[in-house]
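Participant: Structure for this input, please:
(chains A, B and C)
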Amino acid sequence: MTIAAESKTIEHGGASHNGEPTGMYKWLTSTDHKVIGKSYMYTSLVFLLIAGSMAMIIRAQLMSPNGHVVSQQMYNELFTIHGSIMLYLFAGPFAFGGFANFILPLQIGAPDMAFPRLNALSYWLYLTGGTTMLLGFFTAGGAAAFGWVAYAPLSSYTNAPGPGPDLWIIAIALTGFSGIFTAVNLVTTAFYLRAPGLTMFRMPIFTWSMVVTGMLILIAFPILTAAMIMLYCDRHLGTHFFTVSGGGSPVMWQNLFWFFGHPEVYILALPYFGMVSEIVPVFSRKPVFGYKGLVFATLAIAALSTGVWAHHMYTTGTVLLPFFSALSLLIAVPTGIKVFTWIGTMWGGNISFKTPMLFVIGFIVTFVMGGMTGVMLASPPIDFAVHDTYFVVAHFHQVLAGTAIFAGFAGFYYWYPKLTGRMLRESLGKLQFWMAFIAFNLTFIPQYLAGLRGMPRRVPVYLVQDHVTFLNQLSSVGAFVTFLSFVVWLVNLWVSWKKPIAAGDNPWDGHTLEWGTSSPPPHHNFTSLPPIRSQRPVWDANHPEHADHLNHELPKKEAIRR
Amino acid sequence: MKIEYRIYLGIGLFVSVLTVVYFFWAKEYGGATMFFGTAGLGIMPAMYMGWWHRRMKPRPEDTENATMAESKGAIGAFPSYTIWPFVLGMGAFMSALSLVFGEWTLVIGGALLIFGAR
Amino acid sequence: MRTVRAGVRSFSELKLTRKLGVVLIGALALSSCNPTFGAYRGATTQGKDIFSLYQGFWYTAIGVAIVTFGALLFVVIKFRRKNDAIPVQRHSNVPIEVIYTVIPAVIVAVLFFFTVKVENRVTAVSAAPNLRVKITAFQWGWRFTYPNGASVVSQGANYPQMVLPVGETTTVTLVSQDVVHGFYIPEFNFSRYALPGFTNYFDLNPTKVGTFIGRCSALCGLYHSEMLFSVRVVTPTQFQTWLSQQKAATA
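Facilitator: Modelled structure (predicted):
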């Protein structure tokens, strides 16, 4: 169908373009989803390193009960911007701006995103938004220091004067718009630009995850942007949305923020679940187990996530506890389905433990641990005991940082050959994995215990008599080693750049359409498409004797024996 | 379009149920309003897609046995490079900074925005 | 169509996994009949309730972990690549999918049942408490006001001490003067936000005599980490003596 009737039309398998700009000017002007996707990816990885360095300073400060690495004010700024960057500028954009941009059109056989210019604009809004957030450190009053959640009235002008908080608000608003634009783009692309025969229920799970994430973004981000504008108005234009003296309600900020904030954590997590659901089948040489169940689980997570925001507010005493705890606990069911689906995919497979698969296993382990403490936190009484302590910090780092780092690097190692046409070194990849996996858990498991001993979050100093010093030292050492694992990754990138090993079109024996084109793909992606008769067109083409459309039913005897 | 339509409808209806339950159980109107709006965000696109679903033949991408040949024709216009998104982005950036640093950045940003949106 | 199963060594391995599971559960049940899992046992009736709920969640978590990690470990060891065979292309198995949907749902329902039970007990506010204390949080300190007008307040670097009678019901009225604070006593397993413009009520029934650390849990600005206090739980008679002395001191 026609999307835009303009002078120039592209047909499937259109010819490549000549006379394109190169270098810096290419980066500035390209509307090719692959260039934008890579820009997103590398920009967000730079943000990861920046925010990671902040975490190192934070952990250095916490090495001793009365650390003097940074001032208390600086410490508050650091954890605020660390959290903000990781959530708004790394975890989301890395997957949703980077991978989705690059991979989704390829997986559905589309020549580009539905709105290429809008796509470029959303990258520029993201980059400028991120820059704005960092600008806060260069202003006189310093960056925002009220935590990434900016609870009113701590974020009011009286309590947080100066341009730093305003820059933070603007940064979030800009990246918010960027996220909305990307979401519109991805959902439209997946709904309207699929290749013939690629029905909705033949879309790869990664694409499904991105569609559902896009739908969630369209629900959640407008509320965030609106809340930011309200906050700005409260600070500068004399409104009283969140000030008690003017008849406003500080708790309303928490409601608005978390109504965005909880879907946000699934916006961050679902894309990575999608990556895992691509990698597990390929390295197990099997189709994904229970495809439809996985799709419905993804949709169920999205739908439920709109109704759980107040589990961040149990201790405010203003929310209906049974309603929110019921829905929050219920989310464990579709999430559990996902984990069992991954295990089910591996079951009976022929699993090769290349670096991407190792990272996936690491992801599943940390995610299940974080998920189980998440179920505890969904129960209001237990939340009363550990709310705003390091228990919560450990929980969300295990689920969010664990997901973004392990599943994110799994995806990076998996798709890097498609991105560049070069392989990354297996040995360095495995070294990075084992360093990251051991150190990551060394970082966060002690934090659970510190939280249970009563160590609150967002503190630069703590009491000796809480007996958490040793736990904090363990955690800090773990954090430093985790950071070193990123250095290994940088070395790996450098080696692969200097001494390239050609990847070929399909180094992993992949299943989905992106492996059916060259690495890196040509302009407008495909010179020809294989016929699409199942969820795994490239697998079908490469293994005709095991093709999905031949092989839906197992022989009865086989089924019983298993 | 059928599945796209049903997904959005499903989310819309699920949140509608939550809206009603929450409204009568919690008697808290901020959350109920947000639920109500979210239900709308599910139902509105569902109505659009449902409207189209009833009025058009299944597209090649909705047909299990479609061949590549069926998609011949214009599927869209995809510019390969243009500077204007960058200009617009910088315009938005400079205009937004005026909220912090005063009106002078708005002059630059506004100019870029007008120039870029032209 | 030829299908090759990757390595069949199953039976003895399966037995071993089962044995290991039994040993693990047994060890857990025997060695620590009442483990704390890192948490405080709770020095109030509410805190104790929360602690036993926490224990229950942990037992469930251990069960789930044994199944999940056990399955993961089994799969990772058993089905690792040994040859270049292509395994059976199994797409789904509806009964198994139903099982791993229904069982978690049942577990969650049970957890929810106990959650609601405990939550109702913990959040219940007594109609006739033995004592009412008003707690005001401010940047960066606390004020504890007793019904007879006696009060304790943070001054400089001196952390204030709240005194409570053991075995009696105290209803706390919690407000904040400026920003959001968190009233948190780790050993009571309890925290509640102090909000500006909204009053919170909750009950504390201390069961143990002693002194406990209390602190602000919600980020409230620059000196958030130093917003400490302590709670001294004493016998009712000692409490009455303290209260009258304190009243004299306040006046």
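Participant: Enumerate every residue touching residue A:49.
Facilitator: Residue A:49 makes contact with residue A:486, according to CB atoms under 8 Å, 6 or more residues apart in numbering or on different chains. No exception for glycine: its C-beta is placed from N, CA and C like everyone else's.
Participant: Quick check: phi and psi at it.
Facilitator: Residue A:49 adopts backbone torsions of phi -70, psi -40, taken as degrees, to the nearest 10.
Participant: Relative to chain B, how far out is it?
Facilitator: Residue A:49 is 23 Å from chain B, where distance means CB to the nearest CB, to the nearest Å.
Participant: Residue B:81 versus that residue, what's the distance?
Facilitator: For residue A:49, the distance to residue B:81 (CB to CB, to the nearest Å) stands at 29 Å.
Participant: got the CA positions of stretch C:96-115 in PDB?
Facilitator: Output for stretch C:96-115, consisting of C-alpha atoms alone and laid out as PDB, is shown next (Å, rounded to 0.1, in the frame of the first residue of the first chain):
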ATOM      1  CA  ILE C  96       3.400 -27.700  29.500                       C
ATOM      2  CA  GLU C  97       2.600 -24.100  28.700                       C
ATOM      3  CA  VAL C  98      -0.600 -24.300  30.700                       C
ATOM      4  CA  ILE C  99       1.300 -25.800  33.600                       C
ATOM      5  CA  TYR C 100       3.900 -23.100  33.700                       C
ATOM      6  CA  THR C 101       1.200 -20.500  33.500                       C
ATOM      7  CA  VAL C 102      -1.200 -21.900  36.100                       C
ATOM      8  CA  ILE C 103       1.400 -22.900  38.800                       C
ATOM      9  CA  PRO C 104       2.900 -19.400  39.100                       C
ATOM     10  CA  ALA C 105      -0.700 -18.000  39.100                       C
ATOM     11  CA  VAL C 106      -1.600 -20.200  42.000                       C
ATOM     12  CA  ILE C 107       1.600 -19.400  43.900                       C
ATOM     13  CA  VAL C 108       0.900 -15.700  43.400                       C
ATOM     14  CA  ALA C 109      -2.700 -16.100  44.600                       C
ATOM     15  CA  VAL C 110      -1.400 -17.800  47.800                       C
ATOM     16  CA  LEU C 111       1.200 -15.000  48.300                       C
ATOM     17  CA  PHE C 112      -1.500 -12.400  47.800                       C
ATOM     18  CA  PHE C 113      -3.800 -14.000  50.400                       C
ATOM     19  CA  PHE C 114      -1.100 -13.900  53.100                       C
ATOM     20  CA  THR C 115       0.000 -10.400  52.000                       C
END
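Participant: Do that stretch and chain A come into contact?
Facilitator: Yes - Stretch C:96-115 reaches chain A (CB under 8 Å from any CB of the partner chain) through C:96, C:97, C:100, C:101, C:104, C:105, C:108, C:111, C:112, C:115.
Participant: Flag every buried residue along that stretch.
Facilitator: By 16 or more other CB atoms under 10 Å in any protein chain shown, the buried positions in stretch C:96-115 come out as C:97, C:100, C:101, C:104, C:105, C:107, C:108, C:111, C:112, C:114, C:115.
Participant: Inside helices: which ones of those residues?
Facilitator: Under the assignment DSSP state H, the buried residues of stretch C:96-115 contribute C:97, C:100, C:101, C:104, C:105, C:107, C:108, C:111, C:112, C:114, C:115 to helices.
Participant: Tell me, what's the model's pLDDT at the closest residue in space to the fifth one that isn't next to it in sequence?
Facilitator: Read that as residue C:105. Closest residue in space to residue C:105, ignoring its immediate chain neighbours: residue A:333 at 5.1 Å, by CB to CB, 6 or more residues apart in numbering or on different chains. Residue A:333 carries a pLDDT value of 94.
Participant: wait, residue A:333 sits on residue C:101?
Facilitator: Yes - between residue A:333 and residue C:101 there is a contact at 6.6 Å, judged by CB atoms under 8 Å.
Participant: circling back to that earlier point, residues in contact with the residue nearest to residue C:105?
Facilitator: A:300, C:101, C:104, C:105, C:108.
Participant: returning to what we had before: could I get the ones in helices among the buried residues of stretch C:96-115 as CSV with pLDDT?
Facilitator: Rendered in CSV, the data for these read as follows (pLDDT from 0 to 100):
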residue, pLDDT
C:97, 92
C:100, 91
C:101, 92
C:104, 93
C:105, 94
C:107, 94
C:108, 94
C:111, 94
C:112, 95
C:114, 94
C:115, 94
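Participant: tell me, which helix in chain A spans the most residues?
Facilitator: Under DSSP H, chain A gives helix A:250-284 as its longest helix.
Participant: starting at the chain centroid, how far to that helix?
Facilitator: 7 Å (CA atoms, centre = their mean, to the nearest Å).
Participant: now the next helix-or-strand element following that helix against helix A:250-284, angle please.
Facilitator: Using DSSP states H and E, the helix or strand that directly follows helix A:250-284 along the chain is helix A:291-305. Using axes from the mean of the first three to the mean of the last three CA atoms, to 10 degrees, the direction of helix A:291-305 lies 170 degrees away from that of helix A:250-284.
Participant: Mind giving me the packing neighbours of the longest helix of chain A?
Facilitator: When contacts are defined as 3 or more CB pairs under 8 Å, 6 or more residues apart in numbering or on different chains; DSSP states H and E, helix A:250-284 packs onto helix A:92, helix A:205-236, helix A:291-305, helix A:332-346, helix A:355-377, helix A:408-420, helix B:29-55.
Participant: who's in contact with stretch B:63-71?
Facilitator: The contact list for stretch B:63-71 (CB under 8 Å, 6+ apart) reads A:12, A:195, A:196, A:197, A:199, A:529, A:531, A:533, B:60, B:61.
Participant: Quick one: residues contacting the residue in chain C that chain A sits nearest to.
Facilitator: Minimum separation of chain C from chain A (CB to the nearest CB) falls at residue C:186, amounting to 2.7 Å. Neighbouring residues of residue C:186 by CB under 8 Å, 6+ apart: A:389, A:453, A:454, A:466, C:40, C:212, C:213, C:214, C:215.
Participant: per-residue confidence at it?
Facilitator: For residue C:186, the pLDDT comes out at 93.
Participant: low-confidence ranges in chain B?
Facilitator: Where chain B drops to pLDDT under 70, the residues are B:71-77, B:118.
Participant: neighbours around the closest residue to chain B within the stretch 1-150 of chain C, how many?
Facilitator: Here the stretch 1-150 of chain C gets closest to chain B at one residue, residue C:116, 13.5 Å apart by CB to the nearest CB. Using other CB atoms under 10 Å in any protein chain shown, the number of residues around residue C:116 comes to 17.
Participant: In which helix or strand does the spatially closest residue to it that is not a sequence neighbour reside?
Facilitator: If you skip the residues right next to it in sequence, residue C:116 has residue A:322 as its closest partner in space, 5.5 Å away by CB to CB, 6+ apart. When secondary structure is defined by DSSP H and E, residue A:322 falls within helix A:321-330.
Participant: just checking, what packs against that helix?
Facilitator: Secondary structure elements in contact with helix A:321-330, counted by 3+ CB pairs under 8 Å, 6+ apart, are helix A:380-386, helix B:2-26, helix C:94-123.
Participant: repeat that for 6 Å
Facilitator: On a contact count with 3 or more CB pairs under 6 Å, 6 or more residues apart in numbering or on different chains; DSSP states H and E, helix A:321-330 meets helix C:94-123.
Participant: helix or strand right after the helix it packs on?
Facilitator: Trace forward from helix C:94-123 with DSSP H and E and the next one is strand C:131-138.
Participant: Who are the packing partners of that next one?
Facilitator: Counting contacts by 3+ CB pairs under 6 Å, 6+ apart, strand C:131-138 is packed against strand C:141-145, strand C:170-176.
Participant: Now it: buried residues?
Facilitator: Of the residues in strand C:131-138, those with enough neighbours to count as buried (16+ other CB under 10 Å) are C:131, C:133, C:134, C:135, C:136, C:137, C:138.
Participant: From the rest of the structure, what touches that strand?
Facilitator: By CB atoms under 6 Å, 6 or more residues apart in numbering or on different chains, the list of residues contacting strand C:131-138 from outside reads C:143-145, C:147, C:170-178, C:181, C:194.
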